[in-house]
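Q: Quick one, structure for this:
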Amino acid sequence: MLVTGTVVADADTVIEDGAVAIEGDAIAAVGEAAALRETYPDHEQREFDVVAPGLVGGHVHSVQSIGRGIADDAALLDWLFEAVLPMEAAMDAAATRAAAELGYLECLESGTTTVVDHLSVNHAAEAFEAAIETGIRGRLGKVLMDKESPDGLLEDTEEALAESETLIEEYHGAAGGRVRYAVTPRFAVTCSEACLRGCRDLADRHDGVTIHTHASENAEEIEAVEAATGRRNVHWLDEVGLTGPDVTLAHCVHTDESEREVLAETDTVVTHCPSSNMKLASGIAPIHDYLERGIAVALGNDGPPCNNTLDPFTEMRQASLLGKVDARDPTRLPAETVLRMATANGARAAGFDRIGRLEPGYAADVIGLTTDRTRATPVHDPLSHLVYAAHGDDVVFTMVDGTVRYDDGEHVGIDAAAVRERATRQAERVVEAAGIED
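A: Presented below is the predicted three-dimensional model:
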């Protein structure tokens, strides 16, 4: 296939009348459209207003999709322990499958081709199957919780680690390597030292398996960890082995100088979730400082109960604006920096080598957008447009690994209407079973 339009190959490269040639599951060439039409005359041609790399959701909770709107306007720990965790505890296999499918379809139709997905304690296999079926690229992991957790989610440490290993053996590298595993402890508040150290050991014993957890999102969380361990959160995670280039830490809103030094020295990846941090009033993460230190910072939506949308374009806009107002400096987090966070840095968070840009030899993860919108007129700068003006519903074409998954408003090979109907039915049942008040 030959995909043409204004090609935003990466955060530094725009080809006004460009094209991307795709052969099999990889990009064969990127360049001027006229030249590539001559080189690939037999390729099917598709034209879009803007062509860009598939975006990376560096921290999402697909299985929370059926909880969209159940816990608005609440503080983090209240939100978590009074609504979200009870919902997860009430979810059976059918609900988990429906929620994951719903989340992945939302991602695909809004331009996210890769997710780093923090699942739940129970029925994680259902989400892996949903990822395989829907065609999204993902780094997924079963959640581990072995202390201070509600009934239905509290696990025995060794059993939790053993189940994680079983899932690794079943799903790590599935779908031709498109689906991979991350060992996923919830966070230090609900995980014992033995659990956290066991997570590091488990990842080390399986090639290519990474670690994904939450850290330093909220002041109360940090106080709880320090009371239990005598250390600030990042220092505690570093002590038990949960830092390093194979670790993605979501949030990192509240870190001190010494913790930031640890993140930089260990080459740990941070995922910034600005909308979630604003909605839960968790604070403003020091993203510019992280980037100045050479820390790779990705972007994530977090979960629908604390964001209400998995639109990656909304997250790019929020990240840039929040960084500017925090510093009182309009030059902070410009469009190219934020697009890099959502693409190349997201690839670091997800642990995939050849995604995040349109380049020969890279995976054919490609999105096409329309600018046939009043809001999108005129487009003076394609980078500016993607970060500040575009919405997820401008995406009209999504390809993952060379396979078209979303095309002109329709999911390919998936009955999206049936997924929405199942998810709605399961949401009603689960919310009632969990006793969550509307």
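
Q: Every contact and neighbour count from this point should use C-alpha atoms.
A: Fine.

Q: how about the helices in the stretch 1-150 of the chain?
A: 33-39, 76-79, 85-90, 93-109, 124-134 (DSSP state H, counting those that start in this stretch).

Q: same check, this time on the stretch 151-300 of the chain
A: 157-171, 193-204, 219-229, 233-239, 257-266, 274-279, 287-292.

Q: just the angle between the longest one and helix 193-204, please?
A: Using axes from the mean of the first three to the mean of the last three Cα atoms, to 10 degrees, the inter-axis angle of helix 157-171 relative to helix 193-204 is 20 degrees.

Q: got the buried residues for helix 157-171?
A: 157, 160-161, 163-165, 167-168, 171 (16 or more other Cα atoms under 10 Å).

Q: same question, the fourth one
A: By 16+ other Cα under 10 Å, the buried positions in helix 233-239 come out as 233-238.

Q: Just give me the closest of the residues you listed to residue 382.
A: residue 234 (37.6 Å; Cα to Cα).

Q: Please list all residues in contact with the closest one.
A: 215-216, 255, 259, 262-263 (Cα atoms under 8 Å, 6 or more residues apart in numbering).

Q: rerun at 7 Å
A: For residue 234, the contacting residues are residue 259, by Cα atoms under 7 Å, 6 or more residues apart in numbering.

Q: per-residue pLDDT, it?
A: For residue 234, the model assigns a pLDDT of 98.

Q: Against residue 347, how distant is it?
A: 22 Å (Cα to Cα, to the nearest Å).

Q: what do you get for residue 227?
A: 35 Å.

Q: Which one of those two is surrounded by more residues?
A: More crowded of residue 227 and residue 347, by other Cα atoms under 10 Å: residue 347, with 25 against 11.

Q: Do you have the strands of the stretch 201-350 of the chain handy? List them.
A: For the stretch 201-350 of the chain, the strands defined by DSSP state E, counting those that start in this stretch occupy 210-215, 247-251, 269-272, 297-299.

Q: so how many other residues sit close to the closest residue in space to residue 203 that isn't next to it in sequence?
A: Nearest residue to residue 203 in three dimensions, chain neighbours excluded: residue 209, at 5.3 Å (Cα to Cα, 6 or more residues apart in numbering). Residue crowding around residue 209 was assessed by other Cα under 10 Å; the count is 22.

Q: how about residue 209, what does it touch?
A: Contacts of residue 209 (Cα under 7 Å, 6+ apart): 181-182, 203.

Q: Go again with 10 Å.
A: Residue 209 sits next to 139, 141, 168, 172-173, 180-183, 200, 202-203, 246-247, 351 when contact means Cα atoms under 10 Å, 6 or more residues apart in numbering.

Q: among the strands of the stretch 201-350 of the chain, which is nearest residue 10?
A: strand 297-299 (14.7 Å).

Q: Relative to that closest one, what are the paired strands and their orientations?
A: Paired neighbours of strand 297-299 in the sheet (DSSP bridges): strand 269-272 (parallel).

Q: buried sites along the partner strand?
A: Going by neighbour count (16+ other Cα under 10 Å), the buried part of strand 269-272 is 269-272.

Q: repeat for stretch 20-31
A: In stretch 20-31, counting by 16+ other Cα under 10 Å, buried: 20-23, 25-31.
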